[in-house]
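Asker: Fold the following, please.
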Amino acid sequence: MHGSQAKAAAGQSKDSRPTILISANSCWNIVNFRAGLVRALRDREYRIVVAAPDDEYRPNLDTLGVAFVPVPINSSGLSMVEDLRLVARYLQVFRQLRPFAFLGFTVKPNIYGSLAARAVGAKVINNVSGLGTAFIKRGPLTALVTGLYRFSFRTSSTIFFQNRDDLELFVGKRIARCDQAQLLPGSGVDLERFKAGSAAETERPFRFLLVGRLLWDKGVAEYVEAARIVRRSHPDVRFQMLGSIAANNRTAVPPSALERWRDEGIIDYLGKSDDVRTAIEQADCIVLPSYREGLPRALLEGSAMGKPLIATDVPGCRDVVVDGNTGYLCAERSADSLAAAMLKMIETPAVERLRMGELGRHKIEQEFCETRVISKYLEALGSR
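Answerer: Here you go, the predicted model:
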């Protein structure tokens, strides 16, 4: 079945347009983070084929007008046999499609997709959107992933990084060359879709909101403990979480912990959503106490909607939050520091929080709009 689908994509309508193959570890990633880029490339007469695991977001690719070939990717798997099968699958897809260019997102597509792209001479453009657990918790896995990146990226034409810390790390370790590495303003924000709405009601309890996959690396434990600290003096403050339970991730928060926090009355879990705008609009402050990020979408979207932010002073987060200007920064892995920043935000006058939100929106308009991301990709492709 896999081979027939790739052949169908290869011969679809005997399309003569140059093909761009895009691969990530889920269709969800493409639909939620890359849709604007996909539309822009399609509008410039490229034929787009997505290679990813077949998940519940697969039908959404049809509305984007792109072809699809299934590639099974176990993002958190450490099996060498499984990864060799992935390389073989990529080689099969590349040989059938013969794409003009390959755009890689997330770790395994960046590593193994780039190797396969090299075999057919496709232009390779990588996007290192974050370094993940392997670089947060240093160990044997870090050395392995570093070596794989270094080998796979040798012939990439462009490697995009979403913050300068990651870029300098990769260049310093000779994983990427200076002539390959470029900064990219995240996946970009659609400024028409994410814009400030009405101000949050001042008569109701203050609401903090954490948006993201429920992973320990996102600082979920610190958020919960900080909530306990804050509620000692402000018992009415609400602490919300919105995001999927990432069951297949090694750092996933177990559902039992979430249930415990809900029973305790410390956390309001809002479930997962493909449209976070309503939850953001109803919040007073967006919080992300992550251990490390590429360029966090939750902070970008929150700021675009005029909300003040609280985040850890780590790579990625500090690229979005200007301490004391668009929000407050706190220490990494410190519930006490996070709680102090939350208390400071609660005590900040409403008019000043509104001003923080306005400054944040201006920063997003100037630095992180989606059109800047698209322009960078068109330049890297040498687009017509």
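Asker: What ranges in the protein fall below the confidence cut-off?
Answerer: Applying pLDDT under 70 to the chain flags the ranges 1-14, 76-77, 132-140, 198-202, 247-248, 383-384.
Asker: Which residue ranges make up the domains of it?
Answerer: Domain assignment for the chain by automatic domain parsing gives 2-188+369-381, 207-367.
Asker: Those domains: which one's closest to residue 197?
Answerer: Closest approach to residue 197 among those is made by domain 207-367 (4.6 Å; Cβ to Cβ). Yep, even glycine has a C-beta here, placed from its N, CA and C like the rest.
Asker: Distance of residue 39 relative to residue 23?
Answerer: Distance, residue 39 to residue 23, using Cβ to Cβ, to the nearest Å: 18 Å.
Asker: ignore the last one, residue 59
Answerer: Distance from residue 59 to residue 23, counting by Cβ to Cβ: 18 Å.
Asker: Double-check that residue 240 belongs to a strand.
Answerer: Yes. The assignment for residue 240 by DSSP: H, G, I helix; E, B strand; the rest coil puts it in a strand.
Asker: which residues touch it?
Answerer: Listed by Cβ atoms under 8 Å, 6 or more residues apart in numbering, the contact set of residue 240 reads 207, 208, 209, 210, 267, 268, 269, 270, 279, 283.
Asker: Highest neighbour count among these?
Answerer: residue 210 (26 neighbours; other Cβ atoms under 10 Å).
Asker: Surely that residue is in a strand?
Answerer: Yes. Under three-state DSSP, residue 210 falls within a strand.
Asker: how about it, what does it touch?
Answerer: By Cβ under 8 Å, 6+ apart, the residues touching residue 210 are 218, 220, 223, 239-243, 286-289, 298.
Asker: what pairs with it across the strands?
Answerer: Following DSSP bridges, residue 210 is listed with bridge partners residue 241, residue 287.
Asker: Check the secondary structure at residue 20 for me.
Answerer: Classified using three-state DSSP, residue 20 is strand.
Asker: Look up the residues forming beta bridges with it.
Answerer: Residues in a beta bridge with residue 20, per DSSP bridges, are residue 48, residue 101.
Asker: Tell me who's in contact with it.
Answerer: 41, 46, 47, 48, 49, 99, 100, 101, 102, 103, 381.
Asker: swap in residue 42?
Answerer: Contacts of residue 42 by Cβ under 8 Å, 6+ apart are 48, 64, 65, 66.
Asker: Among the residues you listed, which ones are in strands?
Answerer: Among these, DSSP state E puts residue 48 in strands.
Asker: from the contacts of residue 42, which would you call buried?
Answerer: Those of those that meet the buried threshold are 48, 64, 66, by 16 or more other Cβ atoms under 10 Å.
Asker: any idea which of those residues is the one closest to residue 263?
Answerer: For the buried ones among the contacts of residue 42, the nearest to residue 263 is residue 64 (40.9 Å; Cβ to Cβ).
Asker: What sits closest to the closest one if chain neighbours are left out?
Answerer: What sits nearest to residue 64 in space, not counting adjacent residues and going by Cβ to Cβ, 6 or more residues apart in numbering, is residue 38, at 5.2 Å.
Asker: is it true that the one you found touches residue 63?
Answerer: No. Applying Cβ atoms under 8 Å as the test, residue 38 and residue 63 come out as separate, 10.5 Å apart.
Asker: can you give me the strands in the stretch 51-200 of the chain?
Answerer: Per DSSP state E, counting those that start in this stretch, the stretch 51-200 of the chain carries strands over the ranges 67-70, 101-105, 123-128, 158-161, 181-183.
Asker: looking at those, which is buried most?
Answerer: strand 101-105 (a mean of 27; mean count of other Cβ atoms under 10 Å).
Asker: Give the burial count for the residue nearest to residue 151 when sequence neighbours are not counted, as a bare number.
Answerer: Distances taken as Cβ to Cβ, 6+ apart put residue 115 closest to residue 151, at 7.7 Å, once the chain neighbours are dropped. Neighbour count of residue 115, defined by other Cβ under 10 Å: 20.
Asker: now residue 115: how far from residue 53?
Answerer: 19 Å.
Asker: on that earlier part again, so who does the residue nearest to residue 151 touch?
Answerer: The contact partners of residue 115, by Cβ under 8 Å, 6+ apart, come to 87, 90, 151, 152.
Asker: For those, pick the one with the most neighbours.
Answerer: Ranking these using other Cβ under 10 Å puts residue 90 first, with 25 neighbours.
Asker: Give the closest residue to it in space, chain neighbours not counted.
Answerer: residue 116 (3.6 Å).
Asker: thinking the one you found is in contact with residue 97, fair?
Answerer: No. In this structure, residue 116 is not within contact of residue 97 by Cβ under 8 Å, at 10.5 Å.
Asker: Next, format the strands of the stretch 51-200 of the chain as JSON lines and append distance to residue 249.
Answerer: JSON lines is the format used below for the strands of the stretch 51-200 of the chain (distance: least, Cβ to Cβ, whole Å):
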{"stretch": "strand 67-70", "distance to residue 249": "21"}
{"stretch": "strand 101-105", "distance to residue 249": "17"}
{"stretch": "strand 123-128", "distance to residue 249": "18"}
{"stretch": "strand 158-161", "distance to residue 249": "22"}
{"stretch": "strand 181-183", "distance to residue 249": "27"}
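Asker: check contacts around residue 61.
Answerer: 27, 30, 31, 50, 68.
Asker: Could I get the contacting residues of the residue nearest to residue 180 when sequence neighbours are not counted?
Answerer: Of all residues not flanking residue 180 in the chain, residue 159 sits nearest, at 4.7 Å (Cβ to Cβ, 6+ apart). By Cβ under 8 Å, 6+ apart, the contact list for residue 159 reads 125, 126, 127, 128, 153, 170, 176, 180, 181, 182.
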